[in-house]
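Enquirer: 3D model of this:
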Amino acid sequence: MKSAGTRNLPPRPALYTLDYESPVGVLEIAGSDEAVYSILFTDEDAAVNVKREDTPNVLLDCYEQLDDYFKGERHEFTFPYIFEGTVFQKDVWNALTAISYGKTGSYKDIAVAIGNEKAIRAVGSANGRNKLSIVIPCHRIIGSNGKLTGYAGGLWRKEWLLQHEKTFKKE
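Expert: Below you'll find the predicted structure:
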């Protein structure tokens, strides 16, 4: 007999992790054989989850593309990834991907882009729940006054990422 509240959901595929040591800290890449689910900063001082024989190609591709990004050689990402969130959050995250490398936008810009200009605070909340750091460029969101605003990875990382992109931006 099922308990109340359980649903028949398909089983989630096996997840793998791989750490990337970036100039601003270790990023943990998590995903399946088919897609990346998250890229998050960790509190680790050094990579713990290293490349192994069974590491899926999609995680290896993500690793290489992040490496190219940090070298200033990549401005867009092409590996498959999956958003996990509400419809509203996914709308916000999709809108974030429209902010080009080396550019910035505001919470209001995103709210307008998704057709809900009064949802500025909700956009900020969705931005903070982004699990695909750098790839979904929430670091490119600044205050409408031009100042840096919150970033789950820390404002110092946000500042570094924005400066990095400014340095390698192609005109």
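Enquirer: Residue 54 - nearest residue in space that isn't next to it in sequence?
Expert: Spatially, and ignoring its direct neighbours in sequence, residue 54 is nearest to residue 16 (7.4 Å; Cβ to Cβ, 6 or more residues apart in numbering). To be clear about C-beta, it is placed using only N, CA and C from the backbone, and glycine gets the same treatment.
Enquirer: what sits against the one you found?
Expert: Contacts for residue 16 (Cβ atoms under 8 Å, 6 or more residues apart in numbering) come out as 30-32, 54-56, 59.
Enquirer: Can you pull the phi and psi angles for it?
Expert: phi -120, psi 160 (degrees, to the nearest 10).
Enquirer: Could you report the distance from it to residue 30?
Expert: Relative to residue 30, residue 16 is positioned 7 Å away (criterion: Cβ to Cβ, to the nearest Å).
Enquirer: Make sure residue 17 is indeed in a strand.
Expert: Yes: looking at residue 17 with DSSP: H, G, I helix; E, B strand; the rest coil, it is inside a strand.
Enquirer: ok so, going back, among the contacts of residue 16, which ones are buried?
Expert: 30-32, 55-56, 59 (16 or more other Cβ atoms under 10 Å).
Enquirer: follow-up on the earlier one: how near is the residue nearest to residue 54 to residue 34?
Expert: Distance, residue 16 to residue 34, using Cβ to Cβ: 11 Å.
Enquirer: Also residue 108?
Expert: 35 Å.
Enquirer: same thing with residue 115?
Expert: 31 Å.
Enquirer: Between those two, which has more neighbouring residues?
Expert: Just comparing residue 115 and residue 34: by other Cβ atoms under 10 Å the higher neighbour count belongs to residue 34, 12 against 9.
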